[in-house]
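Q: structure for the following, please:
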Amino acid sequence: METTLVFFSQLRMCESKEKPFVDLMHSSGRERKSDEVKIRAKEKRNRLSLLLLKQEFHEETHPCTSGHLAKDTRISPEETLKWGESFDKLLSHKGGLEAFTRFLKTEFSEENIEFWKACEDFKKIKEPQQIIHKAKTIYERFIQTDAPQEVNLDFHTKEIITKSITQPTLHSFDAAQSKVYRLMEQDSYTRFLKSDIYLNLREGKPQRPTNLRRRSRSFTYNEFQDVKSDVAIWL
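A: Next comes the predicted model:
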């Protein structure tokens, strides 16, 4: 009788010790599975981001999409020499404006020239209603915080535009346009004159696709040359 009781007691003791151990194993297994799911989801997001980045770079550098290159090759070297005389002469020439815009795209700062061009078009508007509509479009695209192509302006300049946007005039963006113009003239323009885009045009050489590099990041398009373009590999 005592043997039976002892045996039964030992069985219950084994069971009581085994149950927490099993629960612990199941809990640990669920945690590992959850961690694995999170890791796989993170890896998938990262891979999709790289794919989208590669496709964006590819579209910018693909020869078939370089419509302006054919136009630029017809610009005489004599004309391009004038672009080096002043920033104003560069922007006043259609080919120069196109070449400079393409250069800014390689540095991912084309929002500056796009804003400048939008301001130039804005000052030519004659209809009052169009002034209000166009001013709001420019504000939402380039000025407001987190705008799709937000330009680098000081707080004071942005605040003045924000307060006047409900009743804009043809001069509402003059101060901002002037600041962006000076920024491009003192910074981007000097680099443009040393770039392959400009030097090749000045020497009459055919244009070649250029590597795109965002100066605020540490990677270039060349680093992703070995990434396959098949979306299926990321899924």
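Q: right, and residue 136 touches residue 164 too?
A: No. The pair residue 136 / residue 164 is not scored as a contact, 11.6 Å apart, by CB atoms under 8 Å. C-beta: built from backbone N, CA, C; applies to glycine.
Q: show me the domain layout of the chain.
A: The chain breaks down by automatic domain parsing into domains covering 35-66+209-227, 67-208.
Q: lowest average confidence across those, which one?
A: If you rank the domains of the chain by mean pLDDT, domain 35-66+209-227 sits at the bottom with a mean of 46.
Q: excluding chain neighbours, what is closest to residue 171?
A: residue 123 (7.8 Å; CB to CB, 6 or more residues apart in numbering).
Q: count of neighbours near the one you found?
A: Neighbour count for residue 123, taken as other CB atoms under 10 Å: 14.
Q: I'd say it and residue 170 touch.
A: Yes. Contact status for residue 123 versus residue 170: in contact at 5.2 Å, counting by CB under 8 Å.
Q: rewinding a little: what's the separation between the residue nearest to residue 171 and residue 131?
A: 10 Å (CB to CB, to the nearest Å).
Q: shared neighbours, the two?
A: Residues within reach of residue 123 and of residue 131 at once, by CB atoms under 8 Å, 6 or more residues apart in numbering, are residue 170.
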